[in-house]
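Peer 1: fold the following, please.
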Amino acid sequence: MVVGSWGSLGAQQDWTVKPEWVSAHESFLASDVLSGRGSATRDEQLTATYVASQFESYGLKPAPGMSGYLQSAEVIAPKLDGQSTLQAGEVTLKEGAGFFLLTASTTAATGKLVRIAAADATTTHLAEGSAVLLTGANDTQALFPAMTALRRQGAAVIMVPETPGLSGIPQMFGGETRVGIRLAEAPPRKSPTMVLVHADAAARLTAADGATVTVNVHELPQAKRQTFNAVGYLAGSDPAAGTLLLSAHLDHLGVGHPVDSDSIYNGADDDASGTTAVLELAHALAAGPKLRRSVLFVCYGSEELGGLGSTYFGQHPPVPLNDLIANLEFEMIGNQDPKMPAGVLLLTGWERSNLGPTLKEHGALLGPDPYPEQHFFERSDNYPLALKGVVAHTAGGWGTPPTYHQPSDDLAHLDLVFMTRAIQSLIEPVRWMANGDFRPQWNPGGAPTSGN
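Peer 2: Numbering: from 1, shown residues only. So this is what the prediction gives:
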């Protein structure tokens with residue numbers, strides 16, 4: 001192992017993240033061998049085992065109370081038979097012929113029909129339990145914020161007419177319905193049934209507002225599965241000084257359906273790139289002088305199923321959550337965002353706390369998220385911990401790349417030079433925070449609740 005050099009006072013003179021280290025991680029994590037690192041699958045377990053082995057090779061230890069480097073959780077992941085129906089007034093549509101079922105619970109979803117334009121979804125007051133026909137969402141830039149707003153307001157059903165700009169949405173969901181997936185220890189989650197209605201079928205949805213909409217589904221028997229977090233621990237010299245958490249998610253969408261020659265969702269950017277950042281930060285910090293604060297390095301499983309790995313970690317932390325000084329999550333740092341200054345990562349929720357500005361002052365290539373309407377702060381693994389009071393943000397590259405949730409998210413579409421420089425820029429700011437007294441704080445009104 002090549003290490004940097006240090007002066008007599010223990011201050012690091014230099015540590016260089018080598019591009020071949022970054023490339024080596026990506027070449028394995030995003031390889032076809034791992035079949036897209038599907039959430040709560042054996043491929044995810046293999047990925048977590050690789051990350052754990054790297055942690056151990058860098059000299060990290062198991063976290064307090066853990067005997068090894070893997071934290072596992074049981075997941076309930078129901079399957080449907082693909083024969084669901086949608087009834088809207090007098091019109092009945094069949095799955096496949098009339099619509100694609102994006103997400104569903106394992107029971108029928110029903111509500112009173114209301115039409116809402118995507119542009120108005122964030123400002124319209126919606127009666128809880130409504131069935132929304134969302135109009136005017138011609139691409140994902142308009143769709144995702146609108147769906148997030150409707151979900152927050154308790155929509156029971158969200159129907160989206162298909163447009164050319166939305167035709168790839170089923171592929172972005174991995175080609176199959178996401179169904180009420182949850183941790184085994186958790187009660188079923190209340191979430192809307194979301195439907196992409198084929199263009200010709202959408203023209204038949206002429207029922208008046210107030211008509212009853214019902215989506216019926218049929219569940220198949222499904223065995224329980226496990227998801228895996230990889231956890232490494234770098235003990236500090238002062239147990240009372242607190243712990244930093246550096247994290248990413250290691251899973252992706254697996255293999256699409258039907259299986260063909262280009263159906264593997266390699267997830268090189270999402271989020272092998274973030275996993276690589278955590279690994280190389282662990283590499284750098286473990287090779288240097290002992291830090292004052294301890295550092296946890298965690299790569300979560302099952303983010304793509306709704307943040308299950310990070311949720312489980314937050315419920316079973318190896319150190320008390322009030323000992324966590326801050327959490328910096330890394331998500332999709334594989335390419336430069338065209339809206340950001342050259343070389344700079346966006347930080348979600350920049351204005352919510354003093355973490356980002358302070359790290360920037362100490363050399364981190366970070367800046368404000370230029371996509372507040374996309375709610376990226378609430379869409380990554382920082383959010384479950386932020387809801388528990390931990391100052392937690394996500395650093396990302398291009399927020400909305402063309403390869404997002406596509407089989408084309410592969411090694412060939414990464415900017416490894418950008419990635420390497422971004423990781424390099426964070427080493428000394430993180431080291432500074434790990435050796436100092438600075439404790440990030442939420443700005444007034446910045447701490448999130450389930451509604452913001």
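Peer 1: hang on, V160 in a strand?
Peer 2: Yes - the assignment for V160 by DSSP: H, G, I helix; E, B strand; the rest coil puts it in a strand.
Peer 1: state the distance from the nearest residue to L86 once chain neighbours are set aside to N216.
Peer 2: Once flanking residues are discounted, L86 sits nearest to L93: 4.4 Å by Cβ to Cβ, 6 or more residues apart in numbering. Where you see a C-beta, it was placed from the backbone N, CA and C, and this is true even at glycine. Distance, L93 to N216, using Cβ to Cβ, to the nearest Å: 11 Å.
Peer 1: between those two, what contacts are shared?
Peer 2: Counting by Cβ atoms under 8 Å, 6 or more residues apart in numbering, the common neighbours of L93 and N216 are 85, 87.
Peer 1: any weak-confidence spans in the stretch 251-400 of the chain?
Peer 2: 257-261 (pLDDT under 70).
Peer 1: can you pull out the helices in it?
Peer 2: All helices of the stretch 251-400 of the chain, identified by DSSP state H, counting those that start in this stretch, fall at 274-287, 308-315, 355-361, 382-386.
Peer 1: just so I know, which of those lies nearest H413?
Peer 2: Minimum separation from H413 across the helices of the stretch 251-400 of the chain (Cβ to Cβ) falls at helix 274-287, 14.7 Å.
Peer 1: centre of the chain to the closest one, how far?
Peer 2: 19 Å (Cα atoms, centre = their mean, to the nearest Å).
Peer 1: same deal with stretch 45-64?
Peer 2: Chain-centre distance of stretch 45-64: 21 Å, with Cα atoms, centre = their mean.
Peer 1: nearest to S39, out of the helices of the stretch 251-400 of the chain?
Peer 2: Comparing these under Cβ to Cβ, the one sitting nearest is helix 308-315, at 7.6 Å.
Peer 1: got the contact list for the closest one?
Peer 2: 39-40, 71, 73, 75, 181-183, 185-186, 227-229, 231, 247, 249, 251, 298, 300-303, 321, 381-385, 388.
Peer 1: next, E26: phi, psi?
Peer 2: Dihedral angles of E26 (phi, psi; degrees, to the nearest 10) stand at phi -60, psi -40.
Peer 1: can you pull out the strands in the stretch 151-300 of the chain?
Peer 2: Counting by DSSP state E, counting those that start in this stretch, the stretch 151-300 of the chain has strands at residues 157-161, 178-179, 182-183, 193-197, 212-216, 219-220, 225-234, 243-249, 254-255, 264-265, 294-300.
Peer 1: which parts of whatever helix or strand the residue nearest to L86 lives in are buried?
Peer 2: Element membership for L93, per DSSP states H and E: strand 91-94. Buried residues in strand 91-94, defined by neighbour count with 16 or more other Cβ atoms under 10 Å: L93.
Peer 1: what sits up against that strand?
Peer 2: 83-87, 99, 197, 201, 204-207.
Peer 1: so for E26, which of the helices of the stretch 251-400 of the chain sits nearest?
Peer 2: When the helices of the stretch 251-400 of the chain are compared for distance to E26 using Cβ to Cβ, the nearest one is helix 274-287, at 5.9 Å.
Peer 1: ok now the helix or strand hosting I116, how far from the chain's centre?
Peer 2: Counting by DSSP H and E, the element that carries I116 is strand 109-117. Centroid separation between strand 109-117 and its chain, computed with Cα atoms, centre = their mean, is 28 Å.
Peer 1: just checking, what packs against it?
Peer 2: strand 131-135, strand 157-161, strand 212-216 (3 or more Cβ pairs under 8 Å, 6 or more residues apart in numbering; DSSP states H and E).
Peer 1: direction included, what does the last one pair up with?
Peer 2: Read it as strand 212-216. strand 85-88 (antiparallel), strand 109-117 (antiparallel) (DSSP bridges).
Peer 1: out of these, indicate the one that is most buried.
Peer 2: strand 85-88 (a mean of 20; mean count of other Cβ atoms under 10 Å).
Peer 1: partners of A230 in the sheet?
Peer 2: L70, C299.
Peer 1: do the same with the one 4 residues further on
Peer 2: Using DSSP bridges, the bridge partners assigned to L234 are V295.
Peer 1: quick one: end-to-end length of stretch 201-219, please.
Peer 2: Using Cα to Cα, to the nearest Å, the end-to-end distance of stretch 201-219 comes out at 24 Å.
Peer 1: other residues contacting it?
Peer 2: Contact with stretch 201-219 is made by 78-81, 83-91, 93, 97-99, 101, 104-115, 131, 133, 157, 159, 161-162, 179, 193, 195, 197, as judged by Cβ under 8 Å, 6+ apart.
Peer 1: okay, buried residues for that stretch please.
Peer 2: Buried residues in stretch 201-219, defined by neighbour count with 16+ other Cβ under 10 Å: 201-202, 204-205, 207, 211, 213-217.
Peer 1: for stretch 242-257, same thing?
Peer 2: For stretch 242-257, by 16+ other Cβ under 10 Å, it's 242-256.
Peer 1: of all those, which comes closest to A119?
Peer 2: Ranked by distance to A119 (Cβ to Cβ), the buried residues of stretch 242-257 are led by L253 at 29.1 Å.
Peer 1: check the gap between the closest one and Y300 for me.
Peer 2: 15 Å.
Peer 1: mind listing what the most centrally placed residue in the chain touches?
Peer 2: Nearest to the geometric centre of the chain sits S380, at 3.7 Å (Cα atoms, centre = their mean). Going by Cβ under 8 Å, 6+ apart, S380 touches 303, 307, 329, 331, 348, 394, 396.
Peer 1: my guess is the fifth one contacts A386, does it?
Peer 2: What that stands for is T348. No - T348 lies out of contact with A386 (Cβ atoms under 8 Å); the separation is 9.8 Å.
Peer 1: intersection of neighbour lists for those two?
Peer 2: By the contact definition Cβ under 8 Å, 6+ apart, T348 and A386 are jointly contacted by 377, 393.
Peer 1: on that earlier part again, okay, the angle between the strand holding I116 and strand 131-135?
Peer 2: 30 degrees (axes from the mean of the first three to the mean of the last three Cα atoms, to 10 degrees).
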